[in-house]
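A.B. asks: pasted the sequence and its predicted model underneath.
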Amino acid sequence: MSDRLLWLCLGVTLFFAVRGIAADLHQVNELTEIKNDDNDDKILNEGTEDALKLDTLLKLSKSTSYDLRSAALRIIAERSVKGDTKDLLLEDLASKNPERRNKAISAAFFLVSNRALSRTSVCSQLKDVSTYTALVDCLCNLLEEHTEITSGTISPIFPRTRPRFELKAMRTLNILLQENIPAALEAGIISRWLADYPFPCASAEPSRRQDVVILMKTWWSDDAAMSNIFNTLSSHPEGAKQLRKHGLMGSMLEENDHDEISDNEGADGESDVWMVDGDDTAGSRPVLGRRPRERNPEEQALRRRRREAMVLSDGRRPLGRDDIIQLPISG
């Protein structure tokens, strides 16, 4: 009996010992397990980024590693458009001090145009009224510097006295304008800046101030940045309304006449425009205006037949009358 009791106690002891050891091992496994918590990672990343000094970020931005450069530039850019740093940037942008203003223009253009920052939220942080107001103030201050001739281009829309940093400021505005057109209109992009801009066509005799929008579409290659700004504004209902209000855009009737002229150009196969003072112009680009002559019915019929003609040739010999197939002359 004593041996049986001994084996029974030994078995019970081993059973509880195994259970206890298994439970302790399971607890140790849970305590030593590394869990990936997204919130903890986010807090850790934000804390690490905020702890980096500008000197360190500057060194990282010059690294040979593309990922390190992009990360450093992203951190710098996101810091620049938040809180007091953004306020200082906008204050310098609207400053009358040329040195501070020009540095701010270069910084703003870098923030919105650099490819390494394309995935950041920089543009979304710069679409408020205060940003557009600072940009308009900057461009208005640059109007005072239209004093010296800086370009030899002769154009109805491109001023020959454009300051050096105005183009960069316009490109910055052009990028941000897509984000919030109503805010830009509220900041006075038309009423404060474009209404006073020295367009050559507006100061010419006779003045063509009301044709600025049309000329922007015709001569757009002379000033692509300004043409894009006008295209964006004229495509917006309130923008078009303000352009007409300030005399930079004609009435709806004049626009329809311009569309009819364009349609006639496509239908007749030649330009229904004529050159004004062609000897004094710098190129062969047309100035809008209806050709001062009317065609008789016979000429219109002849032109219609020419449009309906078909030319067939294998390219091995010069074209002749036999290669032209057209409808027979009716009655």
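C.D. replies: Cool, the structure landed.

A.B. asks: any buried residues in the host helix or strand of A17, and which?
C.D. replies: According to DSSP states H and E, A17 maps onto helix 2-32. Of the residues in helix 2-32, none is buried by neighbour count under the rule 16 or more other C-beta atoms under 10 Å. Using the backbone N, CA and C atoms, a C-beta is placed for each residue, glycine as well.

A.B. asks: check what pLDDT K217 gets.
C.D. replies: pLDDT for K217: 90.

A.B. asks: typo on my end, it should be I105
C.D. replies: pLDDT for I105: 95.

A.B. asks: how many neighbours does the residue nearest to W193 when sequence neighbours are not counted have?
C.D. replies: Excluding its sequence neighbours, the residue lying closest to W193 (C-beta to C-beta, 6 or more residues apart in numbering) is L139, at 4.9 Å. Neighbourhood size, L139 [other C-beta atoms under 10 Å]: 24.

A.B. asks: pretty sure L139 sits against M170.
C.D. replies: Yes: the pair L139 / M170 is scored as a contact, 7.2 Å apart, by C-beta atoms under 8 Å.

A.B. asks: next, the buried residues of stretch 153-162.
C.D. replies: Neighbour-count burial for stretch 153-162 flags 155-159, 162 (criterion: 16+ other C-beta under 10 Å).

A.B. asks: so how far is S124 from Q242?
C.D. replies: Remark: distance between Q242 and S124 (C-beta to C-beta, to the nearest Å) = 25 Å.

A.B. asks: of those two, which one has the most company?
C.D. replies: Neighbour count, other C-beta under 10 Å: between Q242 and S124, Q242 has more, with 21 against 11.

A.B. asks: surely the more buried one and G188 touch.
C.D. replies: No: under the criterion of C-beta under 8 Å, Q242 makes no contact with G188, lying 9.7 Å away.

A.B. asks: shared neighbours, the two?
C.D. replies: The contact sets of Q242 and G188 do not overlap (C-beta atoms under 8 Å, 6 or more residues apart in numbering).

A.B. asks: ok so, going back, what's the helix holding A17 packed up against?
C.D. replies: Using 3 or more C-beta pairs under 8 Å, 6 or more residues apart in numbering; DSSP states H and E as the contact test, no helix or strand touches helix 2-32.

A.B. asks: and the furthest pair within the buried residues of stretch 153-162?
C.D. replies: P156 and R162 (14.4 Å; C-beta to C-beta).

A.B. asks: the nearest residue to K96 once chain neighbours are set aside sits in which helix or strand?
C.D. replies: Distances taken as C-beta to C-beta, 6+ apart put N141 closest to K96, at 5.7 Å, once the chain neighbours are dropped. Using DSSP H and E, N141 falls within helix 129-143.
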